[in-house]
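Colleague: this one's structure only:
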């Protein structure tokens, strides 16, 4: 092994200096590889700058920056690499050997740096202070998921080996800096601007003796530098922010903490789950019912996961999420911490949503309600096809609320067949749908209730027209497009009624008409049956699938194929005549419909199995594609002011 010179900054050490020097010059540490050892003496009043010997050490009785400068000049003259380290790091010969060997791989590697142990000594220190700052240190198990090294720019490593060619060509440290860390950062950046990069060697592990820091780091952050050095660094390296975020440790630190969150058992923490419910608005609709039903089921389940909600502020207020989930953290903006799994409780609408969830968890799972927006096209957000193709290529897991929805998705996006998936229908338990403030009368004297909204596939407008003509004296209430065609018809915009008012309509209606051509599940079906009502619904594969899971002898479903048939069947019902009904409960194995708690348990079993093996996670390919997407969007405008953290 080639010999090196070593510089250690002991200027801030107040006690135990001889012991520290003895450990470093031992053969177990640097004694077998270090030709000369320099150190900056502990801070004191010097009568005159000088040099004295202490065993194998040359003690430089001057400021630390000047002492490091002298060590660099001596190493350059001897054509030896120089290892620079603070007092609390004690490298071994094996790690130094890895750092030295890395220079042979690429002549443009100017600096090599090891990984440091964490505060406990068993884990790893974070690469820098970015990423998830709630993680005190990273698990050693993480090394199996990392590449052997990172080729980075401006990695202000606390322990760094400098190539001899760099020492010979880039002159001394800038003595205007008051800290070695600040001066080295500027020096590394100066060399980088000439093409020389820093290689962080993930297989070279060095012990850090300091145990006081809550979150030890392998690098020095800008805010840890003296104020004078921060200002000088900004002036000397105007491109430092770009180098840090795009090419430096800032570009990989968040990936490391995200992967650490995917390995919770490696550091004794419970797995964590982020439920993304940002698609819930301030009104009550099918999306809100499904997402909040699953969340409440998970709450009742009491799973051994750390759970948090991500919601829009208005939905948080209207749906009382913080009161309803007191044991969960509720975020109304993207959290700074990361999670084991991010589960979006509805399909995504924009690629940005997929990018955001990727940044928050290694495992990304999506609940898929239906493909209606893609099929009808006119309400679909721009580029929805590309968004869902990205989803099919890169999601870690998909949960569909019916076989019907899964079949539609796979038919349209064949790549989705390769994604681990689960069909978990929503709750069929009447107790999950009955409102405590609503009573069901023995004889229903309410209106005909037409359920839908303003979208064309709900077919509400045409249905109202036919019913108005066929039953001119029957009161009709509809959720759908306004205005009402006659005074006996009341039309409400979907989402404007309170939950109590909506459930009273289900409970009192003489019949509920659900004329929709296309659904992913059909919550009005289950809600009507929960109140023991009669539902007229368009015949479809989905209707048969849902009917098979409903409890028999509680309400009835009357299917129809055409609008005219619906009118005929409704007339017979209003006159008490017999009609053909769809059989209920044919798919119930145990005779008991699933509740929201059962649905949550099924989904959590799927999520737990999915996240048990990181090798099956798609985070690497997803990350590569996202970086390419971001590059395509890159703004060519000059970078803004430096704001390193």
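Modeller: Sure thing, it's come through. These figures come from a predicted structure and were not determined experimentally.

Colleague: contacts only, for the nearest residue to residue 523 once chain neighbours are set aside.
Modeller: Leaving aside its chain neighbours, residue 523 sits nearest to residue 286 (5.0 Å; criterion: C-beta to C-beta, 6 or more residues apart in numbering). For glycine as for every other residue, the C-beta is placed from the backbone atoms N, C-alpha and C. With contacts defined as C-beta atoms under 8 Å, 6 or more residues apart in numbering, residue 286 is in contact with 369, 521, 523.

Colleague: what about residue 286, distance to residue 293?
Modeller: 10 Å (C-beta to C-beta, to the nearest Å).

Colleague: before we move on, what about residue 123?
Modeller: Taken as C-beta to C-beta, the span from residue 123 to residue 293 is 39 Å.

Colleague: how far does the helix or strand hosting residue 355 sit from the chain's center?
Modeller: Per DSSP states H and E, residue 355 falls inside helix 351-360. Offset of helix 351-360 from its chain centre (C-alpha atoms, centre = their mean, to the nearest Å): 7 Å.

Colleague: same deal with stretch 427-446?
Modeller: Centroid separation for stretch 427-446 versus its chain: 39 Å, with C-alpha atoms, centre = their mean.

Colleague: make 59 the first number, not 1, from now on.
Modeller: Happy to do that; since the first residue is 59 now, the last one works out to stretch 485-504.

Colleague: buried sites along it?
Modeller: 485-488, 490-493, 496, 502, 504 (16 or more other C-beta atoms under 10 Å).

Colleague: before we move on, what SS does residue 650 have?
Modeller: Here residue 650 is recorded as coil under DSSP: H, G, I helix; E, B strand; the rest coil.

Colleague: can you get me a residue count around it?
Modeller: Neighbourhood size, residue 650 [other C-beta atoms under 10 Å]: 11.

Colleague: and the residue nearest the centre of the chain, how far is that from residue 353?
Modeller: Ranked by distance to the mean C-alpha position of the chain (C-alpha atoms, centre = their mean), the top residue is residue 418 at 1.9 Å. Note on residue 418: its distance to residue 353, by C-beta to C-beta, is 17 Å.

Colleague: just residue 670 next, same as before
Modeller: 23 Å.

Colleague: neighbour count winner among these two?
Modeller: residue 353 (23 against 10).

Colleague: so that one is in contact with residue 335, correct?
Modeller: Yes. Counting by C-beta atoms under 8 Å, residue 353 touches residue 335, with 6.9 Å between them.

Colleague: can you report how many residues lie near residue 580?
Modeller: 27.

Colleague: hey, which helix or strand in this structure has the poorest pLDDT?
Modeller: The weakest-scoring helix or strand in the chain, judged by mean pLDDT, DSSP states H and E, is strand 108-112 (a mean of 58).

Colleague: which helix or strand contains the spatially closest residue to residue 65 that is not a sequence neighbour?
Modeller: Using C-beta to C-beta, 6+ apart and skipping the chain neighbours, the partner closest in space to residue 65 is residue 129 (3.8 Å). Element membership of residue 129, judged by DSSP H and E, is helix 122-136.

Colleague: buried residues, that helix. List them.
Modeller: 122-134, 136.

Colleague: name the nearest of the residues you listed relative to residue 328.
Modeller: residue 122 (43.5 Å; C-beta to C-beta).

Colleague: do you know the pLDDT at residue 561?
Modeller: The per-residue pLDDT reported for residue 561 equals 94.

Colleague: show me the contacts for the residue lying closest to it once chain neighbours are set aside.
Modeller: Closest residue to residue 561 apart from its sequence neighbours, by C-beta to C-beta, 6+ apart: residue 493 at 3.8 Å. Residue 493 makes contacts with 557-558, 561-562, as judged by C-beta under 8 Å, 6+ apart.

Colleague: how close does residue 493 get to residue 582?
Modeller: 14 Å.

Colleague: swap in residue 93?
Modeller: For residue 93 relative to residue 582 (C-beta to C-beta), the value is 82 Å.

Colleague: go on, residue 623?
Modeller: 19 Å.

Colleague: quick one, which of those two is more surrounded?
Modeller: A direct count of neighbours by other C-beta under 10 Å for residue 623 and residue 582 places residue 582 higher, at 21 against 15.

Colleague: helix or strand for the more buried one, which one?
Modeller: Element membership for residue 582, per DSSP H and E: helix 581-588.

Colleague: and the next element down the chain from the strand ranked longest in the chain?
Modeller: Longest strand in the chain by number of residues (criterion: DSSP state E): strand 255-266. Downstream of strand 255-266, the first helix or strand assigned by DSSP H and E is helix 285-294.

Colleague: which residues touch that next one?
Modeller: Residues outside helix 285-294 that contact it (C-beta under 8 Å, 6+ apart): 232, 234-237, 239-241, 243-244, 247-248, 280-281, 283, 298, 700.

Colleague: among the residues you listed, the buried ones, what's the PyMOL command?
Modeller: The following PyMOL line selects those of the contacts of helix 285-294 that are buried, judged by 16+ other C-beta under 10 Å:
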select buried, resi 232+235+236+237+239+240+241+243+244+247+248+280+283+298+700
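
Colleague: can you list the domain ranges for the protein.
Modeller: 62-323, 328-485+657-690, 495-632 (automatic domain parsing).

Colleague: lowest average confidence across those domains, which one?
Modeller: Across the domains of the chain, domain 62-323 gives the lowest mean pLDDT, at a mean of 87.

Colleague: can you give me the strands in the stretch 59-208 of the chain?
Modeller: 62-67, 92-98, 108-112, 115-119, 140-144, 147-148, 167-174, 207-210 (DSSP state E, counting those that start in this stretch).

Colleague: got the ones you listed as JSON lines, with distance to residue 329 columns?
Modeller: Shown next, in JSON lines, are the strands of the stretch 59-208 of the chain (distance: least, C-beta to C-beta, whole Å):
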{"stretch": "strand 62-67", "distance to residue 329": "41"}
{"stretch": "strand 92-98", "distance to residue 329": "45"}
{"stretch": "strand 108-112", "distance to residue 329": "51"}
{"stretch": "strand 115-119", "distance to residue 329": "49"}
{"stretch": "strand 140-144", "distance to residue 329": "36"}
{"stretch": "strand 147-148", "distance to residue 329": "33"}
{"stretch": "strand 167-174", "distance to residue 329": "25"}
{"stretch": "strand 207-210", "distance to residue 329": "27"}
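
Colleague: between those strands, which gets nearest to residue 677?
Modeller: Proximity to residue 677 (C-beta to C-beta) singles out strand 207-210 among the strands of the stretch 59-208 of the chain, at 16.6 Å.

Colleague: ok, that closest one: who's next to it in the sheet?
Modeller: strand 255-266 (antiparallel) (DSSP bridges).

Colleague: between the partner strand and strand 167-174, how many degrees?
Modeller: 30 degrees (axes from the mean of the first three to the mean of the last three C-alpha atoms, to 10 degrees).
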